[in-house]
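Peer 1: Need the 3D shape of this:
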Amino acid sequence: MSEENTVTVELSKGEQSVVDAIEKLTVVEANNVAKYFEEKYGISAAAPVAVAAVGGAAGGDAPVAEEKSAFNVVLKDCGAQKIAVIKVVREATGLGLGEAKALAEGGGTIKENVKKEEAEEMKKKFEEAGATIELQ
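Peer 2: Sure thing, here's the model as predicted:
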């Protein structure tokens, strides 16, 4: 990314203190904050996806939906084999043992914007370990 496209945002002292506090959170805590804002205010940290309108000669035809190419891998339940799931979480995310354990026990987004093939492979590994995974 070139410096010409860089945008600098000036923050007030109050805004900077919020940013500083967020930067000190663990991945799991930051994920919980993001979920809270999504539920409470409809704010999403995910990049917006542009939907292109498909124009047809017939005009009355419904647009053809494009197949999704990037997915968020979300852990819904770790199941009975928690240790196996923690190992897969650590492998997929590179998190430390404590953070991986907290994510496995609490559930949440494992990885965001993953290519379809990688997401399916991750889902398979988690399901083999006994977890319930959802691709969003």
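
Peer 1: what separates Val85 from Ala100, distance-wise?
Peer 2: 9 Å (Cβ to Cβ, to the nearest Å). Any C-beta I mention is one placed from the backbone N, CA and C, and that applies to glycine too.

Peer 1: now swap in Ile110 and tell me
Peer 2: Taking Cβ to Cβ, one finds Ile110 at 10 Å from Ala100.

Peer 1: quick one: common contacting residues for these two?
Peer 2: Common neighbours of Ile110 and Ala100 are listed as Val89, Thr93 (criterion: Cβ atoms under 8 Å, 6 or more residues apart in numbering).

Peer 1: about what we covered before: neighbour count winner among Val85 and Ala100?
Peer 2: Per other Cβ atoms under 10 Å, whichever of Val85 and Ala100 has more neighbours is Val85, with 27 against 23.

Peer 1: looking at it, the more buried one is touching Cys78, isn't it?
Peer 2: Yes: in this structure, Val85 is within contact of Cys78 by Cβ atoms under 8 Å, at 4.2 Å.

Peer 1: Overlap of the contact sets of the two?
Peer 2: Contacts common to Val85 and Cys78, judged by Cβ under 8 Å, 6+ apart, are Ala104, Gly130, Ala131.
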